[in-house]
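Chemist: structure of the sequence below:
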Amino acid sequence: MIQADDPSIGHLTPLFENIASEEVILELVGSKCLPILLYGLECYPLIKSELSSLDFVITRVLMKLFKSANVSLINDSYLFFKFLLPSEILEKRKQKFLHNFVCCANILRFLA
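Modeler: Model prediction:
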């Protein structure tokens, strides 16, 4: 499991701290880091603690980005920047995966 101090995510914010805005950093995290973090997980059953671990990685990035451990500030930043938690993204991906899986199974039954 990727941790908050992993080079692919944890060291991203100090690199762009004085160069890029928060919006740019969050866009980079959302477009480059989250796909790596969530790759292929929609086909596995994850327990609540595993989903919480995924959410913590991104929460920790936001804590470093805003230099705050205030949970309400971090939760507000999710809303303000329209940034979804990994568990929310994974739920949507899982629904899409299951829908496609059922449709594929129905087609195979029709062809057989």
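Chemist: rest of the way, CA atoms for contacts and neighbours
Modeler: Noted.
Chemist: in this protein, where is pLDDT below threshold?
Modeler: Filtered on pLDDT under 70, the chain yields the residue ranges 1-18, 108, 110-112.
Chemist: tell me which stretches of the protein form helices.
Modeler: Ranges of helices in the chain, per DSSP state H, are 12-16, 22-28, 34-38, 48-66, 71-80, 86-111.
Chemist: counting by contacts, list what the second one packs against.
Modeler: Going back to what we said before, that points to helix 22-28. helix 12-16 (3 or more Cα pairs under 8 Å, 6 or more residues apart in numbering; DSSP states H and E).
Chemist: can we see that at 10 Å?
Modeler: Under the contact criterion of 3 or more Cα pairs under 10 Å, 6 or more residues apart in numbering; DSSP states H and E, helix 22-28 touches helix 12-16, helix 48-66.
Chemist: what angle sits between the last one and helix 71-80?
Modeler: Using axes from the mean of the first three to the mean of the last three Cα atoms, to 10 degrees, the direction of helix 48-66 lies 90 degrees away from that of helix 71-80.
Chemist: what comes up buried for helix 48-66?
Modeler: By 16 or more other Cα atoms under 10 Å, the buried positions in helix 48-66 come out as 53-66.
Chemist: nearest the middle, which residue of this protein would you pick?
Modeler: For the chain, the residue sitting closest to the mean C-alpha position, by Cα atoms, centre = their mean, is P86 at 3.0 Å.
Chemist: how near is the closest residue to it other than its chain neighbours to Y78?
Modeler: In space, P86 comes closest to D55 once its chain neighbours are excluded; the distance is 5.5 Å by Cα to Cα, 6 or more residues apart in numbering. D55 is 11 Å from Y78, where distance means Cα to Cα, to the nearest Å.
Chemist: switch the buried residues of helix 48-66 over to a markdown table; also include distance to I36.
Modeler: Output for the buried residues of helix 48-66, formatted as a markdown table (distance: Cα to Cα, whole Å):
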| residue | distance to I36 |
| --- | --- |
| S53 | 15 |
| L54 | 12 |
| D55 | 14 |
| F56 | 15 |
| V57 | 12 |
| I58 | 12 |
| T59 | 16 |
| R60 | 17 |
| V61 | 15 |
| L62 | 18 |
| M63 | 20 |
| K64 | 20 |
| L65 | 20 |
| F66 | 23 |
